[in-house]
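**Q** got a structure for you, letters missing:
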Ligand code: NAP
C-alpha cells in the first residue's frame, strides 16, 4: 500500500494564503491589522527557532508582530510585567508565551496571567474549560492542526498539489471511527481528545502507565502520537489502513529531526501518514495565525 503523505507544509501555506487575503481586506475596511506578541524566556535554541518561524509567518500574513526576549534568569515578576503589558496593548490580539520556560518559573501560573481573549495557544484554564464544554473561544494550536490533517486524510484532495478547493478543506465524518491518542499532556493529548469527541469519534487515550498499549493502538482507525520518544510506534502498533498523525519532534544525535512514529516501517501499512518534519509542525504555526486573526475579529465586533 502506498500511503497518502499528509503534507503539512503545503496545507499550512494554503491556510496562510487565504489568511493573507482576509487580512488585506480587513485592513482596507478598518485600517487595522491583527497583532501577535511572542515572549521567549531563556536561550533554548529550539524555542528560539520556533519563535523566529512564528514571527516570520505572522509578518507574511500581514500581521504586526511584537517580539520580546527575557534572559533565563528572569523572575516571575519580570515575565508577568511583559504579559500584563501585552494584555493592555489594544494592537495585540494574540499572545504566545513560548514553552518550555526555564525550570525556575511556574509555567501554569504565568499562563494564567494571559488575557483569555488573547490566549492564542488556547492554554488558559478558562479556554480549556470552554473547550471541555464544547464552545471554546480559542482551541490549542497543535490539536487543531492535527484535526485539519485528519480531514485532509479523509478527503479526496491531493496532498501537496495545487490549491485547496474554494470552500476549503471538507470536514471528514469521524462517526464510528476509533481514534487513539498516545499522550495526555495539557498542550496536545488532552485537548486533542476533546476535539475528536466534538467530531463524534470514539476516543481512547493511552500513556506511559497503560497496559497492552500496542494492542489498543492496533485497534485505531486514527492513531495520533504525541509522546516525545523517537520511533516508539512501529508497524506492530498500527492497523492496516489507519490514519497516522505524528506530533512528536525528537532531535537525534546526528542533529536530524524525527517523530514518534517509525515512518519507514509504518507508512507501507497505513492509509495516510504525516512526515516529520513537515507534518504537524507547520500546521501548529498556521493555527496560531488563525487563532490570532479570530481574536482580532472578535475585538472589532466586541
Ligand atoms: P509531554 O508533556 O512530555 O507528554 C508526553 C506524553 O507522552 C505523556 O502523557 C506521557 O505519559 C506519554 N508517554 C511518555 N512515554 C510514553 C510511552 N513510552 N508510552 C506511552 N506514552 C508515553 O509532551 P507534549 O508537550 O505533549 O509533546 C509531545 C511531543 O510532541 C514532543 O515530542 C513535542 O516536542 C512534540 N510537540 C510537537 C508540536 C508540533 O507542533 N509538532 C507541538 C507540541 C509538541 P505520562 O502522562 O504517563 O507521563
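**A** Cool, the structure landed. Predicted model only: the values in this text are computed from it and were never measured.

**Q** Checking residue 67 next. Helix, strand or coil?
**A** strand (DSSP: H, G, I helix; E, B strand; the rest coil).

**Q** who's in contact with it?
**A** Applying Cβ atoms under 8 Å, 6 or more residues apart in numbering to residue 67 gives the contacts 37, 38, 40, 51, 55. For glycine as for every other residue, the C-beta is placed from the backbone atoms N, C-alpha and C.

**Q** and the third one, that one's in a strand?
**A** Yes - counting by three-state DSSP, residue 40 is located in a strand.

**Q** so what's it up against?
**A** If you count contacts by Cβ under 8 Å, 6+ apart, then residue 40 has 47, 48, 51, 67, 68, 69, 70, 98 around it.

**Q** can you put those in CSV and add pLDDT?
**A** Compiled in CSV, the contacts of residue 40 are given as follows (pLDDT from 0 to 100):
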residue, pLDDT
47, 92
48, 92
51, 95
67, 95
68, 97
69, 97
70, 98
98, 96
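
**Q** Give me the spatial nearest neighbour of the residue nearest the centre of the chain, chain neighbours excluded.
**A** Centroid check for the chain by Cα atoms, centre = their mean gives residue 142 as the closest residue, at 1.5 Å. The shortest distance from residue 142 to any residue other than its chain neighbours is 4.6 Å, reached at residue 284 (Cβ to Cβ, 6 or more residues apart in numbering).

**Q** Quick one: residues contacting the one you found.
**A** Applying Cβ under 8 Å, 6+ apart, the residues near residue 284 are 141, 142, 145.

**Q** Mind pulling up the pLDDT for the last one?
**A** The reference is to residue 145. Looking at residue 145, its pLDDT reads 98.

**Q** Next, count neighbours for it.
**A** Neighbourhood size, residue 145 [other Cβ atoms under 10 Å]: 28.

**Q** so what secondary structure elements neighbour the one helix or strand residue 109 maps to?
**A** For residue 109, the element it lies in under DSSP states H and E is helix 107-111. On a contact count with 3 or more Cβ pairs under 8 Å, 6 or more residues apart in numbering; DSSP states H and E, helix 107-111 meets helix 76-88.

**Q** Would you mind listing the outside residues contacting the very next helix or strand once past the helix it packs on?
**A** As assigned by DSSP H and E, the chain's next helix or strand after helix 76-88 is strand 94-97. With Cβ under 8 Å, 6+ apart as the contact definition, strand 94-97 has outside contacts at 34-39, 41, 54, 79, 83, 86-87, 110-111, 114-115, 118-121, 288, 291-292, 295-296.
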